[in-house]
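K.L.:
I'll drop the sequence and a predicted model, then ask my questions.
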Amino acid sequence: MTCWNTFGVSSSATQSQIKTAYYKQSFIDHPDKNPDNEEATQCFSEISEAYSVLGSTALRRKYDRGILSGSDVQGAGRPSERESTNSTRTSSPQQYHQQQRSQAFSNVGGKAMFDFDAFFQAHYGEQLQREKELRARRAQYQQKQQQDYKQWKLGKMLEITVGVLLAMRGVIFTITRS
């Protein structure tokens, strides 16, 4: 198994870099995105196996030393959140729920099926939330700009009206004095 080549990261990559590379590659080669594509399924299987090794700090050390055995890999499963990285620790019950949903499988016709929507939400949910908040702030800013423009326009119209009234007063005053 050539784990480092599978993700395209160096052997000095951080756990966060490995996790990011895994998510990017698994998103591309996921069987739900590539139905009836055996090559993508095989690639996804290799990616998952490589991540089970490199995502776990203990198995990664064994792999780097060349003492990793087949039984280590078979019993590895998916690295725990604590093992994979401390920087992405869950900070809210909603994130925890999303991560639990991303690991959920359902059986359809005896065949295990991955919940891709839950996976996507769990791994890209924070980014989607930030983008949603950014769009809302942008809309508020545009609305405020429109309100400010309307007030400016109203002020200018008021100034013009006062100017016209003063000019008319001057004309009327001049006519009545003559």
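P.N.:
Yep, that arrived. Keep in mind that this is a model prediction, so the values were computed, not measured.
K.L.:
average pLDDT across the helix ranked longest in the chain?
P.N.:
In the chain, assigned by DSSP state H, the helix with the most residues is helix 116-177. Per-region confidence: helix 116-177 scores 92 on mean pLDDT.
K.L.:
Repeat that for stretch 36-55.
P.N.:
81.
K.L.:
buried stuff in it?
P.N.:
Using 16 or more other Cβ atoms under 10 Å as the test for burial, stretch 36-55 gives 40, 43-44, 46-55. (Each C-beta comes from the backbone N, C-alpha and C, glycine too.)
K.L.:
Then stretch 137-156?
P.N.:
Per 16+ other Cβ under 10 Å, stretch 137-156 contains no buried residues.
K.L.:
what's around residue 13, how many residues?
P.N.:
17 (other Cβ atoms under 10 Å).
K.L.:
Next, it: secondary structure please.
P.N.:
coil (DSSP: H, G, I helix; E, B strand; the rest coil).
K.L.:
quick one on the thing from earlier: for the buried residues of stretch 36-55, give me CSV that also has distance to residue 20 and secondary structure.
P.N.:
Shown next, in CSV, are those (distance: Cβ to Cβ, whole Å; DSSP: H, G, I helix; E, B strand; the rest coil):
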residue, distance to residue 20, secondary structure
40, 20, helix
43, 18, helix
44, 17, helix
46, 18, helix
47, 13, helix
48, 15, helix
49, 18, helix
50, 14, helix
51, 11, helix
52, 16, helix
53, 16, helix
54, 12, helix
55, 11, coil
